[in-house]
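Participant: Structure for this input, please:
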Amino acid sequence: MPTYGDGPYIQAACFCETVIEDKLGVLSLIRIIDTLTHTQAGENPPEALPAFPHTFKLVIMLKSGDARGRFNLRVEPELPNGSTEKNIVLTAYFEGEEKGQNIVVDMAFVFKLEGLYWFNIFLDEKKLTSMPLRVKYNRVIIGGTRPTPTAQ
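Facilitator: This is a model prediction of the structure:
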């Protein structure tokens, strides 16, 4: 039966563009991101962010501590409006002490809203951390009519 008292511990939790793993299992995280800017250009791009897909890596590096056994690691995406998307559930296995596990997930996520997304990370039902990712929308008008000034 899996147990944990003190642990597991988070060594790193982030989003990045690329992960390189060498022969010894050491990770190099390339282009760590916490903000995505989606640009839509044209004569009349939409006022609000159009839904767009983006691929990236989710990296969670854990050290066992007292945790031993197999656990469900759940990633719960929370949108800026507070609603949640389907969870991603992975298996994490801990052998105790300084031993750990590097979890790298290829994410293909459709962003529907501008604002701050939270990716909540749970080990079984214990919340380990939350990872923020801000989505911004950049509207570029090319050759169209002048936009109407917004009220302040």
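
Participant: Please enumerate the strands of the chain.
Facilitator: 9-21, 27-33, 35-42, 52-65, 69-78, 88-94, 97-111, 115-123, 126-141 (DSSP state E).

Participant: who are the neighbours of the fourth one, in terms of helices and strands?
Facilitator: Using 3 or more CB pairs under 8 Å, 6 or more residues apart in numbering; DSSP states H and E as the contact criterion, the elements in contact with strand 52-65 are strand 9-21, strand 27-33, strand 35-42, strand 88-94, strand 97-111. C-beta coordinates here come from the backbone N, C-alpha and C atoms, glycine included.

Participant: picking up where we left off before, export the strands of the chain to a markdown table and tack on mean neighbour count and mean pLDDT?
Facilitator: Shown next, in a markdown table, are these (neighbours: other CB atoms under 10 Å; pLDDT from 0 to 100):
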| stretch | mean neighbour count | mean pLDDT |
| --- | --- | --- |
| strand 9-21 | 14 | 95 |
| strand 27-33 | 13 | 96 |
| strand 35-42 | 13 | 95 |
| strand 52-65 | 18 | 95 |
| strand 69-78 | 17 | 95 |
| strand 88-94 | 16 | 93 |
| strand 97-111 | 15 | 91 |
| strand 115-123 | 17 | 97 |
| strand 126-141 | 14 | 95 |
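
Participant: follow-up on the earlier one: mind giving me a markdown table with the helices and strands packed on strand 52-65 and columns for distance to Leu58?
Facilitator: Conversion of these to a markdown table gives the following (distance: least, CB to CB, whole Å):
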| stretch | distance to Leu58 |
| --- | --- |
| strand 9-21 | 6 |
| strand 27-33 | 11 |
| strand 35-42 | 13 |
| strand 88-94 | 8 |
| strand 97-111 | 4 |
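
Participant: Asn81 is nearest to which of those strands?
Facilitator: strand 97-111 (12.4 Å; CB to CB).

Participant: could you check the angle strand 9-21 makes with the closest one?
Facilitator: 70 degrees (axes from the mean of the first three to the mean of the last three CA atoms, to 10 degrees).
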